[in-house]
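# give me the fold of what follows.
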Amino acid sequence: MNFGVGLRSQFQSEISHWRLSTKFMINRLASKKWDLRHITIASCLHIQLKRVIVKEADSMREILTSEGFKARKSPTKLHISKVSLPQHFLEYAKRILQHENIKHLDEEAEKLFAHLRFRQPPIEEDEYRQKVTQVEGKVKEQDNFIEPFLGKEQKESLEKSQHNRIKTQLKRSIYHWNPISFDHSKALQYMIVRTPAEYAALSRVFHEIVHRDPHFKPMTLFDFGSGIGSVVWAAQLVWSSSLIEHMCVDASREMNDIAEVLIKKGSAKHAPIFPGIYFRQFLPVGTDAEYDLTVSSYSLLELPSAASRMEILDKLWKKTKKYLVLLESGSNAGFQVVNEARDFILGTHIHKFDDGDEMRSRQGHAFAPCPHDFVCPRYINDTTPCNFPVRYRPLLPFGNDITKTEYFSFVILRKGRRLESDEQWPRLVRDPLLRGKHVICRLCTKNGSLEEGVLTKGKHLRPLYACARRSHCGDLLPIEPVQCPDPTGSEENEVRMDKEFVDGVKVRYIGES
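Coordinates of the predicted model:
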């Protein structure tokens, strides 16, 4: 009996300790003192957004109330199902890999994937000097109290020790960026581990352009950092009838060679299956040629500095006739680079038209995912990236039915003024939170803010409510705000945790008894 009581007491003590640890972690997360990128519990955390009252958009009322409307086929749904590489791509890739040690390549490809997953932009010189000064000051401050009591030899020994400690701390705290050299083996590894994910992300992005601008039929494509050619394959999926020229630029000759062999049915003896394919190692100079669609996919993080990124972006924008697509990994670093590019292209200087309208200095606007041209509210107010998921089937093993998820950040910039027909509907920046009789939607709105809208089963149109419940992160929502309650002094506007299950445990509001 005593043994049972003791065991129960120990169990209760461990449960109490777990609760305290969890509460501490949640509060630290809420105070934004921890990096959220690598903590799964953070997926359920968000800063309390401004709660707005919403109704259906006037332009969608007729569609929503029509007899044949189905929520799963709503024109605002942009989510796509699991993406697989084209069957003929798989056949050509199999021909290329038939004489290779696939097991070894697959193992090395996983190492490359891990390296690319945590890829960071190179540190800038000013930031590096500032970091060195900060570390030097911190190390020397620790020894200030002892230095007056040291002799000459001891001071020399202390300086050597300080130098080593500074060097060690800098190695730990600074990301040491190095360019990736792609030989034939590494290019094959990249094809194995990255092409399926990149193809899926590009398919999702191109699907949005086709869905929202069905009259766009590009004839020319410019691909910067073309790699294995995933942009060309994804573009051919949707615009095969119109594309007649593809300019592919990648600094790696081995990447270009494999991309060319893939387009030649896995053998250099055959003719290309796509028309007008050109491969270059450097950006063409001395030409004013423009392309209907310009793409940079997973390439900006491979440039050596912010200045080189801005230089490339300026050239790409000049080569763009209608759409510029920038796409990177969904990490904080990838989102940072995409947002940096967006701000650079849209610019901060505004001038007036003769009719009084305003236009950004570079004469363009954000087509997606942003429904506005203001500064990104998530970049300013949050520590989590603006990214979107897409499911895909990996390349190896051939014929598999494995499902993986790629998170990516992107921006589609369109030249010219925003069309009057652009509804600028809010976009879901996270999956909706489904409750018993209502849905909570976290939205990026056309006024440049992150807001939270609630759709209920009783107060909103049933088709709109069904549409919200079936939506996913990245979809548009055909709603507009009615009014905004005063957020000041409201407990609802404090940082909180939604009542969701986290790793099987229901989490309370912070501060809730």
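# burial measure for the nearest residue to Leu116 once chain neighbours are set aside, as a count.
Leaving aside its chain neighbours, Leu116 sits nearest to Arg194 (6.9 Å; criterion: Cβ to Cβ, 6 or more residues apart in numbering). Just so you know, the C-beta spots here come from the backbone N, C-alpha and C atoms, and that holds for glycine as well. Arg194 has 21 neighbours, counted by other Cβ atoms under 10 Å.
# again with His163
That count, for His163 with other Cβ under 10 Å as the rule, works out to 12.
# and what of His207?
18.
# show me the contacts for it.
Residues near His207 by Cβ atoms under 8 Å, 6 or more residues apart in numbering: 78, 80, 238.
# ok but it is inside a strand, no?
No - going by DSSP: H, G, I helix; E, B strand; the rest coil, the assignment for His207 is helix, not a strand.
# tell me the mean pLDDT for the longest strand seen in the chain?
Secondary structure assigned by DSSP state E gives strand 404-415 as the longest strand of the chain. What strand 404-415 shows for mean pLDDT is 96.
# alpha carbons only: can I get it in PDB?
Output of strand 404-415 as PDB, limited to C-alpha atoms (Å, rounded to 0.1, in the frame of the first residue of the first chain):
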ATOM      1  CA  LYS A 404       6.700  14.900 -48.100                       C
ATOM      2  CA  THR A 405       6.000  18.600 -47.500                       C
ATOM      3  CA  GLU A 406       8.000  21.600 -48.800                       C
ATOM      4  CA  TYR A 407       7.600  25.000 -47.200                       C
ATOM      5  CA  PHE A 408       8.500  27.800 -49.500                       C
ATOM      6  CA  SER A 409       8.300  31.600 -49.500                       C
ATOM      7  CA  PHE A 410       7.600  33.400 -52.700                       C
ATOM      8  CA  VAL A 411       6.500  36.700 -54.300                       C
ATOM      9  CA  ILE A 412       5.000  37.300 -57.800                       C
ATOM     10  CA  LEU A 413       5.600  40.800 -59.000                       C
ATOM     11  CA  ARG A 414       3.600  42.200 -62.000                       C
ATOM     12  CA  LYS A 415       4.700  45.100 -64.100                       C
END
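# list the buried residues in it.
Residues 406-415 are the ones in strand 404-415 that count as buried (16 or more other Cβ atoms under 10 Å).
# from the contacts of His207, which is closest to Ile273?
Nearest to Ile273, judged by Cβ to Cβ, of those is Val238 at 16.1 Å.
# OK, contacts around that closest one?
Val238 sits next to 203, 206-207, 210 when contact means Cβ under 8 Å, 6+ apart.
# from the residues you listed, which would you call buried?
Buried subset of the contacts of Val238 (neighbour count, 16+ other Cβ under 10 Å): 203, 206-207.
# strands of the stretch 351-500 of the chain, residue ranges please.
Remark: strands assigned in the stretch 351-500 of the chain by DSSP state E, counting those that start in this stretch are 358-360, 364-368, 388-392, 404-415, 427-428, 433-434, 438-444, 450-456, 479-483, 496-497.
# so which of these is the most packed in?
Per residue and on average, the most neighbours among the strands of the stretch 351-500 of the chain fall to strand 427-428, with a mean of 24 (mean count of other Cβ atoms under 10 Å).
# okay, and for the stretch 201-350 of the chain, where does confidence drop off?
286, 348-350 (pLDDT under 70).
# so where do the helices sit in it?
Ranges of helices within the stretch 201-350 of the chain are 230-239, 253-263, 306-319, 332-346, based on DSSP state H, counting those that start in this stretch.
# kindly report the same for the stretch 51-200 of the chain.
58-64, 87-97, 102-117, 125-142, 152-173, 184-193, 195-212.
# quick check: which of those is nearest to Glu423?
Checking those against Glu423 by Cβ to Cβ gives helix 58-64 as the closest, at 6.1 Å.
# now the closest one: average pLDDT?
85.
# circling back: for Ser181, which of the helices of the stretch 201-350 of the chain is the nearest?
Ser181 lies closest, by Cβ to Cβ, to one member of the helices of the stretch 201-350 of the chain: helix 253-263, at 9.4 Å.
# contacts for that closest one, please.
The contact list for helix 253-263 (Cβ under 8 Å, 6+ apart) reads 89, 92-93, 96, 182-184, 186-188, 190-191, 226-229, 232, 248, 250, 267-268, 272-274, 277, 279-281.
# could you do stretch 314-324 as well?
With contact meaning Cβ under 8 Å, 6+ apart, stretch 314-324 is reached by 209, 216, 218, 220, 222, 224, 283, 289-296, 344-345, 362, 364, 367, 412-415.
# at 7 Å instead, please
Outside stretch 314-324, the residues that touch it by Cβ atoms under 7 Å, 6 or more residues apart in numbering are 209, 216, 222, 224, 283, 289-294, 296, 345, 362, 367, 412-415.
# measure the spatially most central residue of the chain to Gly330 for me?
Centre of the chain computed as the mean C-alpha position; nearest residue by Cα atoms, centre = their mean is Ser409, 2.0 Å away. Ser409 is 5 Å from Gly330, where distance means Cβ to Cβ, to the nearest Å.
# which residues do those two both contact?
Both Ser409 and Gly330 are contacted by 385, 387, under the criterion Cβ under 7 Å, 6+ apart.
# which of the buried residues of strand 404-415 sits closest to Gln424?
Comparing the buried residues of strand 404-415 against Gln424 with Cβ to Cβ places Arg414 closest, at 13.0 Å.
# circling back to that earlier point, dump the buried residues of strand 404-415 to CSV, plus distance to Ser66.
Output for the buried residues of strand 404-415, formatted as CSV (distance: Cβ to Cβ, whole Å):
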residue, distance to Ser66
Glu406, 35
Tyr407, 35
Phe408, 34
Ser409, 35
Phe410, 32
Val411, 33
Ile412, 29
Leu413, 34
Arg414, 30
Lys415, 35
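# what is the nearest of those residues to Val132?
Closest approach to Val132 among the buried residues of strand 404-415 (Cβ to Cβ): Ser409, at 30.3 Å.
# that closest one is in contact with Val325, isn't it?
No - when contacts are counted by Cβ atoms under 7 Å, Ser409 is not listed as touching Val325 (12.0 Å).
# and Gln363, what does it touch?
415-416 are the contacts of Gln363 under Cβ under 7 Å, 6+ apart.
# quickly note the distance from it to Leu313.
Noted for Gln363: a distance of 15 Å to Leu313, by Cβ to Cβ.
# pLDDT on stretch 367-385, on average?
90.
# got the CA positions of it in CSV?
C-alpha atoms of stretch 367-385 as CSV (Å, rounded to 0.1, in the frame of the first residue of the first chain):
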residue,chain,number,x,y,z
PHE,A,367,0.4,40.0,-57.5
ALA,A,368,0.8,37.3,-54.9
PRO,A,369,0.9,36.3,-52.1
CYS,A,370,0.5,39.9,-50.8
PRO,A,371,-2.9,41.6,-51.5
HIS,A,372,-1.1,45.0,-51.0
ASP,A,373,2.1,46.8,-51.8
PHE,A,374,2.9,48.0,-48.2
VAL,A,375,5.7,46.8,-46.0
CYS,A,376,5.2,43.1,-45.0
PRO,A,377,3.4,43.1,-41.6
ARG,A,378,4.7,39.6,-40.7
TYR,A,379,8.3,40.7,-41.3
ILE,A,380,7.9,43.6,-39.0
ASN,A,381,5.7,42.2,-36.2
ASP,A,382,6.5,38.5,-36.1
THR,A,383,9.4,36.0,-35.8
THR,A,384,7.9,33.3,-38.0
PRO,A,385,8.3,33.4,-41.8
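# per-residue pLDDT, Glu141?
Note on Glu141: pLDDT of 84.
# check Asn447 too.
If you check Asn447, the pLDDT there is 90.
# how about it, nearest residue that isn't a chain neighbour?
Using Cβ to Cβ, 6+ apart, the closest residue to Asn447 is His372 (6.7 Å).
# cool, and Tyr92?
Gly266 (3.6 Å).
# which ones are touching the one you found?
92, 95-96.
# same check on Arg72?
Counting by Cβ under 7 Å, 6+ apart, Arg72 touches Arg470.
# kindly provide the distance from it to Arg204.
Going from Arg72 to Arg204 by Cβ to Cβ gives 17 Å.
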